[in-house]
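Student: Below is the sequence, then the predicted model.
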Amino acid sequence: MKTKQNILSPKMIVEVWSDILCPFCYIGKRQYETALAQFADRNHVELVWKSYQLDPTASEVASESQLDYLVKRKGMSVEQVKGMLDNVIEYAKQVGLEYDLYNAVIVNSFKAHRLIQFAKTKGLGDAMEERLFRAFFTECKNVADLAILTQLGTEIGLDETELQAAFTDDLYAYMVNQDIQEARQIGVTGVPFFVFNRKYGVSGAQPAEAFLQTLETSFAEWRKEHLVTKLEIIEGNVCKLDGECE
């Protein structure tokens, strides 16, 4: 019997610099996912999360609300900040996200980024990013607390004992800092910042249509250099790696 199968091919890489404390990063993730779902060649695209810290000086102690933090940092009135938060909450609803910004507490995100870097080595970077976003924006969890981060990691399938390395092994801190340094080198000044095939940058939580257009443009160029070939295979008796012969 003859069949046709695609030979293995690389995937076009889409990188996104993000901080889990950034409300537009979670919204941008949803907008990108909406675009990807409409993209015919989505199986040949891989999303890679990159670390970025909006405020490296933030405390690891959960003692300051979003409202208080923004009033202090931006020098705006309470009413002005409330109006801004309400607008972001409404924007999130439009892409299916429920934000509880008034109860979310600002903390340092470095440990959470270490956990994301560890999860990436296990093929769970996107799942970890998603879980941390929901924990911060919807569940108002302290994403600087090691016990909470460990729980969130195990929820997506990471081994509890193994993932402690995320917080103790300097490798993962180094990976976070490398991403941040790379962001400076390519001129990232705000997040989310998407880079398609190292050629096209998209800044901010753009509409899904903008992401889709960039996917189509960048992938068309990438495809010219990475053609996917279909082999015609004549099926017969084989032995497999597990020792089974059929």
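Tutor: It's in.
Student: show me where pLDDT drops low in the chain?
Tutor: Under the criterion pLDDT under 70, the flagged ranges of the chain are 1-9, 227-233, 236, 240-243, 246.
Student: rerun at 80
Tutor: 1-9, 227-246 (pLDDT under 80).
Student: Okay, helices next: where are they in it?
Tutor: Using DSSP state H, the helices of the chain run over 23-37, 66-74, 78-94, 110-121, 125-137, 146-155, 165-168, 170-186, 208-225.
Student: tell me the most buried of those helices?
Tutor: Between these, helix 110-121 has the highest mean count of neighbours, a mean of 24, where neighbours are mean count of other Cβ atoms under 10 Å. Just so you know, the C-beta spots here come from the backbone N, C-alpha and C atoms, and that holds for glycine as well.
Student: So Glu133 sits against Phe24, correct?
Tutor: Glu isn't right for residue 133; it's Phe. No: distance between Phe133 and Phe24: 11.2 Å, which falls outside the contact criterion (Cβ atoms under 8 Å).
Student: got CSV for the helices of the chain, with distance to Lys199 too?
Tutor: Output for the helices of the chain, formatted as CSV (distance: least, Cβ to Cβ, whole Å):
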stretch, distance to Lys199
helix 23-37, 17
helix 66-74, 34
helix 78-94, 29
helix 110-121, 22
helix 125-137, 22
helix 146-155, 34
helix 165-168, 32
helix 170-186, 12
helix 208-225, 6
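Student: Can you report how many residues neighbour the nearest residue to Asp100 once chain neighbours are set aside?
Tutor: With Cβ to Cβ, 6 or more residues apart in numbering as the criterion, Asp100 has its nearest non-adjacent residue at 5.5 Å, and that residue is Cys140. Residues contacting Cys140 under the criterion other Cβ atoms under 10 Å number 18.
Student: Cys140: what's it in contact with?
Tutor: Neighbour list for Cys140: Asp100, Asn103, Ala104, Val105 [criterion: Cβ atoms under 8 Å, 6 or more residues apart in numbering].
Student: most surrounded residue in the residues you listed?
Tutor: Compared across the contacts of Cys140, Ala104 has the highest neighbour count, 25 neighbours, by other Cβ under 10 Å.
Student: Quick check: phi and psi at that one.
Tutor: Main-chain dihedrals, Ala104, degrees, to the nearest 10: phi -70, psi 140.
Student: any idea how far it is from Ser65?
Tutor: Noted for Ala104: a distance of 7 Å to Ser65, by Cβ to Cβ, to the nearest Å.
Student: next one: Glu79
Tutor: Distance, Glu79 to Ser65, using Cβ to Cβ: 15 Å.
Student: repeat for Thr121
Tutor: Shown here: Thr121 relative to Ser65, a distance of 34 Å by Cβ to Cβ.
Student: With Pro10 instead?
Tutor: As defined by Cβ to Cβ, Pro10 lies at a distance of 45 Å from Ser65.
Student: between these two, who's got more neighbours?
Tutor: For Pro10 against Ser65, the residue with the higher neighbour count under other Cβ under 10 Å is Ser65, and the figures read 16 against 11.
Student: Could you report the separation of that one from Leu163?
Tutor: 29 Å.
Student: Report the contact partners of Asp145.
Tutor: Asp145 makes contact with Ala62 under the criterion Cβ under 8 Å, 6+ apart.
Student: and stretch 13-25, which residues are buried?
Tutor: Val14, Glu15, Val16, Trp17, Ser18, Asp19, Ile20, Leu21, Cys22, Pro23, Phe24, Cys25 (16 or more other Cβ atoms under 10 Å).
Student: from the residues you listed, which two are the most distant?
Tutor: The span of the buried residues of stretch 13-25, defined through Cβ to Cβ, is set by Val14 and Leu21 at 21.7 Å.
Student: Noted, bye for now.
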